[in-house]
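> return a 3D structure for these sequence lines:
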Amino acid sequence: MSAPVYMEDYEVGTIQEFGAYEVTEEEILEFAKKYDPQFFHVDVEAAKESWFGGLIASGWHTCAMTMRMLVDSMEGRAHSLGSPGVDEVRWRRPVRPGDILSVKTEITELRPSRSRPGFGSLHQDMTVSNHKGEVVMTFKSIAMLQRRPAEDAVAE
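As a prediction, the model looks like this:
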C-alpha cells in the first residue's frame with residue numbers, strides 16, 4: 001500500500017490528465033436497459049431515427065465511466081473519503097460506441113473543514129473528452145480528504 005495522501009499534498013491549479021476508457025455498444029445497451037431505458041440508449045435501429053443519428057450512452061453512464069477512471073487514477077491510494085456531491089453537470093456532446101474517453105481535472109480550491117478539523121475538501125473542475133478531443137461532459141467535483149495529522153506535519 002502506498003503512503004497516505006492528505007489534503008496538504010495537493011495544490012490549487014494542479015492539472016491532471018488520465019484515462020482511456022473505450023465505450024462499447026454492449027456496455028451502452030446493458031447500462032441503459034437497467035438504468036436509463038430511453039430509446040436512443042437501448043434500441044440501435046430506433047436511435048438511428050433520433051436527432052442523435054445513432055446509439056448514444058446515457059449521461060449517467062458517462063458519469064459512471066468517469067468515476068471508474070477517477071478511482072483507477074488514484075493508484076491504490078485511498079485518499080478520498082467520499083463526496084458531498086457534484087455541481088453543474090453538463091453533457092456537452094453525445095458519447096457513442098467506439099469513443100475513448102479521458103479526463104482532465106484542475107484543482108480549484110482546498111478548504112479545511114470548519115466542523116471537523118481532521119478533514120477538508122478538494123474542489124476540481126472536471127472535463128471529459130473523447131478521442132477526437134471533443135468535450136463530452138463537464139462538472140465540478142468535491143472530494144472529502146483527510147488532513148495531515150499534527151504529528152506528521154511536525155516530523156517533516
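
> for stretch 20-38, measure first residue to last.
One end of stretch 20-38 sits 26 Å from the other (CA to CA, to the nearest Å).

> residues in contact with that stretch?
The contact list for stretch 20-38, computed with CB atoms under 8 Å, 6 or more residues apart in numbering, reads 41-42, 44, 55-58, 60-61, 64-65, 68-69, 95-102. The C-beta positions use only the backbone N, C-alpha and C, and glycine is treated the same way.

> which among these end up buried?
41-42, 55-58, 61, 65, 69, 95-97, 99, 101-102 (16 or more other CB atoms under 10 Å).

> what's the most distant pair in those?
In the buried ones among the contacts of stretch 20-38, two members sit farther apart than any others by CB to CB. They are 42 and 102, at 25.9 Å.

> tally of neighbours for the residue nearest to residue 91 when sequence neighbours are not counted?
Nearest in space to residue 91, with sequence neighbours left out and distances taken as CB to CB, 6 or more residues apart in numbering, is residue 59 at 4.1 Å. Here the number of neighbours of residue 59 (other CB atoms under 10 Å) works out to 18.

> so how far is residue 23 from residue 59?
For residue 59, the distance to residue 23 equals 13 Å [CB to CB, to the nearest Å].

> next one: residue 86
From residue 86 to residue 23 the distance is 20 Å (CB to CB).

> can you give me the helices in the protein?
For the chain, applying DSSP state H gives helices covering 25-35, 39-42, 44-48, 59-73, 150-155.

> turn those into a markdown table, including distance to residue 110 and mean pLDDT.
Output for those, formatted as a markdown table (distance: least, CB to CB, whole Å; pLDDT from 0 to 100):
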| stretch | distance to residue 110 | mean pLDDT |
| --- | --- | --- |
| helix 25-35 | 33 | 98 |
| helix 39-42 | 37 | 96 |
| helix 44-48 | 42 | 96 |
| helix 59-73 | 17 | 94 |
| helix 150-155 | 15 | 58 |
